[in-house]
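>>> Fold the following for me, if possible:
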Amino acid sequence: MLDGMLRQAALGTCLVCLMAAVGSGEEGARTIGSVERLDPRMDHLVPREAVIEVLADGLAWAEGPVWDRTNRRLLFSDIPNNTVHSWSDERGLEVFLKPSGYTGDAPFAGREPGSNGLAFDDRGRLVLCQHGDRRIARLEGGRFEAVVDRFEGRKFNSPNDLVFAADGSLYFTDPAYGLPKTFDDPARELDWCGVYCRAPDGKLTLVVKDLKAPNGIGLSPDGKTLYVNQSHAEEAVLMAYDVQPDGAVSGGRVLFDMTPLVKSGPGLPDGLKVDQQGHIFATGPGGVHVLTPGGTHLGTLRTGVPTANCAFGDDGSTLYITANDMLCRIRLTTRGLGF
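Okay, here's the model as predicted:
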């Protein structure tokens, strides 16, 4: 069935009804929100004239964006609809992959069966955090192959977000948001929500166990610091950890506390990305919070809606944002890692 869906996607099945604006900064394109500037250094990252453009809307819950360099397009998840979409200036919004996170035959009982975080490995294969199948999988030859689905023989909760280190190690978070009853689901086999590292040789290590709801994850440009956003209203924090030579982490510390901001805007800490200079673009209450490597809050890309994640694309100076039921973008003067 998956092969058939992929063939259909290859034909460019376009969701015209979801399109909000197509084109590169077209005059009259729909915009939302604003740019909040708390520090003069924000101007060196986000131009004064920059606006948040809406590229598509009508989605259920947009998440996990990643730039596909080979095909010059953005891929992102729509979790409730068990779908990965693609978007480009030339073709607009299309279905790329369905199903994306739950491949079972029985109806899924929960609200979030689909894929969440997406990434490409060093061979250019799409790697997905699959809520419904409770695993990390990659797309290989039109089929899903499990990368990792258990820790010490027990199924994961619902892998959420992921990042590759330079040596090929894969770090990922595993909260319970994808289970039908989330943290109280009777099908849980792990009584913690962990952060894991899968080494290139396949060895799997639990590197963080004491977070209540680890979510978005990223690495500093030198690979020596691991960042983890925690989606918890009472402890809405961005954590930083020192990465050890063996892939383990230590020295966990709060880099930025968003807890005081929870009542000031919709949403909780979620996905994050890092630019070439080490600035962190972390989603949280009200939009995307822009931080220095040391945790100073420079400003916020205020979407005004719960904002799930973001990703650099094009030449690295466009930030794509998945915000509630929308896909958005903003032009920057900085570039993301890897561009």
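
>>> so how far is Gly218 from Leu118?
The gap separating Leu118 from Gly218 is 14 Å, by C-beta to C-beta, to the nearest Å. Heads up, the C-betas are built off the backbone N, CA and C, glycines and all.

>>> now Phe256
Taken as C-beta to C-beta, the span from Phe256 to Gly218 is 13 Å.

>>> Check Gly142 too.
Distance from Gly142 to Gly218, counting by C-beta to C-beta: 30 Å.

>>> The two: which has the busier surroundings?
Using other C-beta atoms under 10 Å as the criterion, Gly142 and Gly218 rank with Gly218 on top: 22 against 13.

>>> helix/strand/coil for that one?
With DSSP: H, G, I helix; E, B strand; the rest coil as the basis, Gly218 sits in strand.

>>> Can you spell out which residues form a bridge with it?
Residues in a beta bridge with Gly218, per DSSP bridges, are Tyr227.

>>> Leu272 is in contact with that one, correct?
Yes: using C-beta atoms under 8 Å, Gly218 is in contact with Leu272, at 4.9 Å.

>>> which residues are common contacts for those two?
227, 280 (C-beta atoms under 8 Å, 6 or more residues apart in numbering).

>>> For the strand ranked longest in the chain, which residues meet the burial criterion?
In the chain, with assignment by DSSP state E, the single longest strand is strand 249-257. Neighbour-count burial for strand 249-257, counted by 16 or more other C-beta atoms under 10 Å, picks out 249, 252, 255-256.

>>> On the C-terminal side of that strand, identify the next helix or strand.
strand 272-274 (DSSP states H and E).

>>> Pull the residues that contact that following strand.
216-221, 227, 229, 238, 280-283, 309-312, 319, 336-337.

>>> pLDDT score assigned to Ala20?
Per-residue pLDDT puts Ala20 at 37.

>>> likewise Cys17?
pLDDT, read off for Cys17, is 34.

>>> What of Thr103?
On the pLDDT scale, Thr103 gets 97.

>>> go on, the one 4 residues further on?
Taken from the predicted model, the pLDDT recorded for Pro107 is 94.

>>> tally of neighbours for it?
So Pro107, with other C-beta under 10 Å, has 7 neighbours.

>>> Begin at 392 from now on, thanks
OK, 392 is where the count begins now, so the last one is Pro498.

>>> That one and Ala451: what is the separation?
Pro498 is 16 Å from Ala451, where distance means C-beta to C-beta.

>>> for the chain, what are the low-confidence residue spans?
Within the chain, the stretches with pLDDT under 70 are 392-419.

>>> all helices for this structure, in order.
For the chain, the helices defined by DSSP state H occupy 393-401.

>>> Pick out the residue nearest the middle of it.
Gly455 (3.3 Å; C-alpha atoms, centre = their mean).

>>> from memory that residue sits against Asp552, does it?
Yes: in terms of C-beta under 8 Å, Gly455 counts as a neighbour of Asp552; the distance is 7.1 Å.

>>> what do these two both touch?
507-508, 520, 662, 700.

>>> Which of those residues sits closest to Asp575?
Checking these against Asp575 by C-beta to C-beta gives Asn507 as the nearest, at 19.6 Å.

>>> Can you give me the distance of the closest one to Ile470?
6 Å.

>>> With Pro605 instead?
In terms of C-beta to C-beta, Pro605 sits 17 Å off from Ile470.

>>> List the residues that are in contact with both of Phe647 and Gly609.
Contacts common to Phe647 and Gly609, judged by C-beta under 8 Å, 6+ apart, are Ile671.

>>> how about Ile712, what does it touch?
Contacts of Ile712 by C-beta under 8 Å, 6+ apart are 443, 456, 674, 678-679, 692, 694, 698, 700-701, 718-721.

>>> Now render those as TSV, adding neighbour count and distance to Asp576.
Formatted as TSV, the contacts of Ile712 follow (neighbours: other C-beta atoms under 10 Å; distance: C-beta to C-beta, whole Å):
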residue	neighbour count	distance to Asp576
Ile443	24	35
Pro456	27	27
Thr674	30	25
Gly678	29	30
Val679	29	30
Leu692	27	33
Thr694	26	30
Thr698	32	26
Asn700	30	23
Cys701	27	28
Leu718	24	29
Cys719	31	32
Arg720	25	35
Ile721	22	36
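
>>> Show me those that map onto strands.
443, 456, 674, 678-679, 692, 698, 700-701, 718-721.

>>> Out of those residues, which is nearest to Leu652?
Gly678 (10.3 Å).

>>> Mind listing the residues bridging to that closest one?
Gly675, Arg693.

>>> That one is in contact with Ala699, isn't it?
No: if you go by C-beta under 8 Å, Gly678 and Ala699 don't touch, sitting 11.0 Å apart.

>>> what residues are shared contacts of these two?
Joint contacts of Gly678 and Ala699 (C-beta under 8 Å, 6+ apart) are Ala714.

>>> any idea how far Val486 is from Phe467?
From Val486 to Phe467 the distance is 12 Å (C-beta to C-beta).

>>> shared neighbours of the two, anything?
475-476.

>>> and the nearest residue to Asn473 once chain neighbours are set aside, how far is that from Val679?
Counting by C-beta to C-beta, 6 or more residues apart in numbering, Asn473 lies nearest to Gly505, which is 4.0 Å off, once chain neighbours are set aside. Gly505 sits 22 Å away from Val679, going by C-beta to C-beta.
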